[in-house]
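Participant: Sequence below, structure please.
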Amino acid sequence: MAEKRYFEKTDKGVVRRWDITLDGIRCRMAWGVAGGVMRGLSMTLDDEAHALRHFTKKIGEKERAGYVEVAPGPETQALRAKAEPDTEADVRLLDVVRHGDEYEPVAGHAGVVVTFHDFKAGPGPFYEYYIVGEDAGRGLSLVVKKPGHDEAMVSAFLDFVRPRVGLAFEDRSHYKVPLPAPIGPFDHVLFCGPSLTGANYGGRLGKVFPIRDCEIGDEDTETFVEARIQGRNSMPSTTWDREPFPVIDLRFDLRRAEGFEELGGRTSEREKKFKVYPRAMAERGLRLITEADPGSVLEIRNYRRDVLKVTPEQPRTLDEADRFLLGPAMTAS
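Facilitator: Predicted coordinates:
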């Protein structure tokens with residue numbers, strides 16, 4: 001359960017607020033002037049112990065800066081009351097998340113509603129679905145951009161997902177579930193719990209979307225999944241007519257005494273731990289390793305956590321790396 005703390009400081013007659021929330025491996029901070037708009041920042045840490053240390057450290061910094069812990073004020077209490085689940089039977093998830101939009105029932109799918117956002121610019125037009133569980137108190141969001149929207153595919157997807165809404169609220173942040181038969185190009189579904197959603201309405205809303213097997217690691221931690229679906233160069237999960245977006249985790253130690261021309265003359269580039277990278281970084285690593293000194297290494301990890309080791313003595317082509325990243329099922333097709 002998330003822990004939230006509230007602090008205030010009076011500075012020249014102005015009351016400044018600072019809030020911090022510890023939720024699993026995340027720390028969220030918000031700050032601003034009391035009664036005004038609050039700005040925020042969210043950080044995902046390596047594990048729960050790291051998150052707790054960060055949480056404690058930030059509180060200590062604010063206390064040393066003169067902030068004093070306070071109980072949540074009326075405004076905060078009202079916001080929390082709106083966001084947190086209500087025990088009244090007549091309070092439904094959709095009553096909380098509608099925000100004035102007009103949602104229509106989806107024919108043939110009880111508990112599913114949809115609205116269409118006709119954005120000409122920015123994200124472009126998209127369909128937004130809410131898939132509500134049997135208890136009407138929890139559900140999943142699903143967004144599909146118009147260019148790849150196919151009613152038959154969406155209908156088959158909803159048939160599979162609706163009976164399984166509860167998966168997003170079990171003891172893990174996410175579940176990667178195989179489909180009994182492919183839906184278009186997709187063979188798996190990713191169920192994401194409230195900890196992986198931007199707005200979870202007091203733990204009542206998760207999200208879901210179809211994926212290919214190679215796009216989410218079989219043993220991915222919550223940190224890796226968040227990086228894949230929300231981080232820089234993240235998976236375009238709302239685009240259903242996209243190309244494969246395989247897992248690419250890289251670790252490398254590339255050295256060249258004369259310097260790499262591609263790196264502006266730098267003599268080394270290192271990443272000690274496996275981290276999520278875009279395909280362009282894998283391409284660059286494969287180029288650099290051919291120029292690197294003996295002892296240099298590039299390691300590429302795929303969705304199965306298999307590792308392809310590349311050295312100056314044993315270079316690999318981009319086609320070989322792609323076959324490794326996509327897996328046998330996709331390369332066979």
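
Participant: Torsion angles phi and psi at the residue minimising distance to the centre of the chain?
Facilitator: Taking CA atoms, centre = their mean, the centroid of the chain lies closest to Glu226, which sits 3.1 Å from it. Backbone torsions of Glu226, given as degrees, to the nearest 10, read phi -60, psi -40.

Participant: Let me know whether it touches Thr44 as I believe.
Facilitator: Yes. Between Glu226 and Thr44 a contact is recorded at 5.6 Å, counting by CB atoms under 8 Å. For every residue, glycine as well, the C-beta is placed using N, CA and C.

Participant: So the chain: which segments form each domain?
Facilitator: 3-83, 93-230, 249-332 (automatic domain parsing).

Participant: so can I have CSV of these showing mean pLDDT and distance to Trp240?
Facilitator: Formatted as CSV, the domains of the chain follow (pLDDT from 0 to 100; distance: least, CB to CB, whole Å):
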stretch, mean pLDDT, distance to Trp240
domain 3-83, 80, 27
domain 93-230, 88, 3
domain 249-332, 94, 17
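
Participant: right, so of those domains, which gets closest to Thr238?
Facilitator: The closest of the domains of the chain to Thr238 is domain 93-230. By CB to CB, the value is 4.5 Å.

Participant: Just say helix, strand or coil for the residue nearest to Pro147 when sequence neighbours are not counted.
Facilitator: Spatial nearest neighbour of Pro147, chain neighbours left out: Asp241 (6.2 Å); criterion: CB to CB, 6 or more residues apart in numbering. When classified by DSSP: H, G, I helix; E, B strand; the rest coil, Asp241 comes out as coil.

Participant: same check, this time on Pro246
Facilitator: Per three-state DSSP, Pro246 ends up coil.

Participant: Quick check: the gap between it and Arg266.
Facilitator: Distance, Pro246 to Arg266, by CB to CB, to the nearest Å: 28 Å.

Participant: More neighbours: the two, which one.
Facilitator: Pro246 (22 against 13; other CB atoms under 10 Å).

Participant: Thought Glu215 was touching that one, still the case?
Facilitator: Yes. Applying CB under 8 Å, one finds Pro246 in contact with Glu215, separated by 6.1 Å.

Participant: quick one, helices of this protein?
Facilitator: Under the criterion DSSP state H, helices of the chain are mapped to 48-64, 74-83, 93-97, 151-161, 222-230, 279-289, 318-326, 328-332.

Participant: Looking at those, which one is packed in the most?
Facilitator: Most buried of those, by mean neighbour count (mean count of other CB atoms under 10 Å): helix 222-230, with a mean of 20.

Participant: what's the angle between that helix and helix 48-64?
Facilitator: Relative orientation of helix 222-230 and helix 48-64, computed by axes from the mean of the first three to the mean of the last three CA atoms, to 10 degrees: 80 degrees.

Participant: gap between Phe260 and Glu291?
Facilitator: For Phe260, the distance to Glu291 - CB to CB - is 6 Å.

Participant: who's the closest residue to Ala227 other than its chain neighbours bridged to?
Facilitator: Leaving aside its sequence neighbours, Ala227 sits nearest to Val276 (CB to CB, 6+ apart; 4.3 Å). Beta-bridge pairing for Val276 (DSSP bridges): Asp249.

Participant: measure the residue lying closest to Leu41 once chain neighbours are set aside to Thr10 for me?
Facilitator: Leaving aside its sequence neighbours, Leu41 sits nearest to Met29 (CB to CB, 6+ apart; 5.1 Å). Met29 is 20 Å from Thr10, where distance means CB to CB.

Participant: which one of the two has more residues nearby?
Facilitator: Remark: of Met29 and Thr10, Met29 carries more neighbours, 17 against 12, as counted by other CB under 10 Å.

Participant: what residues are up against that one?
Facilitator: Going by CB atoms under 8 Å, 6 or more residues apart in numbering, Met29 touches 18-21, 40-42, 58.

Participant: Can you flag which of these belong to strands?
Facilitator: 18-21, 40-42 (DSSP state E).

Participant: wait, Arg212 sits on Pro185?
Facilitator: Yes. Counting by CB under 8 Å, Pro185 is a contact partner of Arg212 at 6.7 Å.

Participant: Need the residues touching each of these two.
Facilitator: With contacts taken as CB under 8 Å, 6+ apart, the residues that reach both Arg212 and Pro185 are Pro244.

Participant: More neighbours: these two, which one.
Facilitator: Using other CB under 10 Å as the criterion, Arg212 and Pro185 rank with Arg212 on top: 22 against 17.

Participant: so what's the more buried one closest to, chain neighbours aside?
Facilitator: Using CB to CB, 6+ apart, the nearest residue to Arg212 is Pro244, at 5.5 Å.

Participant: Next, count neighbours for that neighbour.
Facilitator: Count around Pro244 with other CB under 10 Å applied: 16.

Participant: between the helices of the chain, which gets nearest to Lys272?
Facilitator: Per CB to CB, nearest to Lys272 of the helices of the chain: helix 279-289, 14.6 Å.

Participant: what sits up against that closest one?
Facilitator: 248, 250, 252, 254, 256, 260, 262-263, 269, 296-298, 300, 310-312, 315-318, 321, 325.
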